[in-house]
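Chemist: task: produce atomic coordinates for the following.
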Amino acid sequence: MPAQKYPNLFSEESIFGRFPYFLPCFVISLLAAGSCIACIWLPETLHFHGDDKVEAIEELEAQVRGSESTKDLHKNWQLMSAIILYCVFSMHDTAYLEVFSLWAVSSRKFRGLSLTSQDVGTVLAISGFGVLVYQLAIYPFLAKYFGPIKTFRPAAILSIILLTTYPFMANLHGLELKILINIASVLKNMFAATITIACNILQNTAVTQEQRGVANGISVTLMSVFKSVAPAAAGILFSWAQKHISGLFLPGDQILFLAINMVSVIGLVLTFKPFFSLPNPTRHS
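Modeler: Numbers count the residues shown, from 1 in each chain. Next comes the predicted model:
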């Protein structure tokens, strides 16, 4: 709440004092409006070139389209398998983000971390900055030398291992807790970014350039459906875990993170044959 946290900047009588959640909503709206305006100057990607190399690529794409691209996109299994992976891991990420903040501010008697909302905000800010640096400086080299799928699977495995340690962080206190939760959050978000980017690359290389608009439209639509289910499911599971701290075979908090982890396990299994197949390299353009 701005007026309580920063009384020198925001008075209780101001709109930020009377409506505590107005400031974050206003900032998000400004960013969205700026992005919308910037779209006016985005260049058209399906333009024509006189370059011989580009013409050769387009001729190769035309051959691929003549034999395969007449099929309905829904029958393109390379595309659909990549979209399903994207949906599964998007649901996992949304559920994790929903649970993380609730769990972090929960009382110790519920096996939470008893952090303040300001502490959680700091953790998320540090994680956001870490992911930004990772995406700009590190991931491009990983993708260049290893490709999307060879970065995808290790990120999924490490994410699963990391998330299993979260319930045990309730045994930590003070500076040790703050340092470890920040490191864990940064790593978790880096793994999530690796998986998301890899899914997008796999989707775009599964179709020709002319089909990418439709393919991404299908992908975002299905992903939104999965992400809309995640908060409700995660909230119900979190509420159940709080009421069953002493479970029959596992404490409620461990069952909570185990359930979230199982979504990642399913996604990881789906990256192997016969479900998943790598895109045709002739579609790279």
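Chemist: please enumerate residues in contact with the helix or strand containing residue 132?
Modeler: Applying DSSP states H and E as the criterion places residue 132 in helix 117-133. Contact partners of helix 117-133, identified using Cβ atoms under 8 Å, 6 or more residues apart in numbering, comprise 5, 101, 104-105, 115, 178, 181-182, 185-186, 188-190, 193. Any C-beta I mention is one placed from the backbone N, CA and C, and that applies to glycine too.
Chemist: kindly recompute the last result at 7 Å.
Modeler: 5, 101, 104, 105, 181, 182, 185, 186, 189, 190, 193 (Cβ atoms under 7 Å, 6 or more residues apart in numbering).
Chemist: can you give me the mean pLDDT across it?
Modeler: Helix 117-133 shows an average pLDDT of 93 in the prediction.
Chemist: buried set for that helix?
Modeler: Buried residues in helix 117-133, counting neighbours by 16 or more other Cβ atoms under 10 Å, are found at 119, 120, 123, 124, 126, 127, 130, 131.
Chemist: all helices for the stretch 101-250 of the chain, in order.
Modeler: 117-133, 139-146, 148-164, 174-205, 212-243 (DSSP state H, counting those that start in this stretch).
Chemist: residue 88 is nearest to which of those helices?
Modeler: Closest of those to residue 88 is helix 212-243, at 7.2 Å (criterion: Cβ to Cβ).
Chemist: and the next helix or strand past the closest one?
Modeler: For helix 212-243, the succeeding helix or strand toward the C-terminus, using DSSP H and E, is helix 252-269.
Chemist: ok so, going back, tell me which of the contacts of helix 117-133 is nearest to residue 140?
Modeler: Lowest distance from residue 140 to these (Cβ to Cβ) belongs to residue 193, with 12.0 Å.
Chemist: surely that closest one meets residue 138?
Modeler: No: counting by Cβ atoms under 7 Å, residue 193 sits too far from residue 138 to count as a contact (10.0 Å).
Chemist: more neighbours: the two, which one.
Modeler: Taking neighbours as other Cβ atoms under 10 Å, residue 193 and residue 138 compare with residue 193 leading, 18 against 12.
Chemist: ok, now how distant is the nearest residue to the more buried one once chain neighbours are set aside from residue 165?
Modeler: Using Cβ to Cβ, 6 or more residues apart in numbering and skipping the chain neighbours, the partner closest in space to residue 193 is residue 131 (5.2 Å). Separation of residue 131 from residue 165 (Cβ to Cβ, to the nearest Å) stands at 19 Å.
Chemist: next one: residue 204
Modeler: For residue 204, the distance to residue 165 - Cβ to Cβ - is 34 Å.
Chemist: repeat that for residue 177.
Modeler: Distance from residue 177 to residue 165, counting by Cβ to Cβ: 13 Å.
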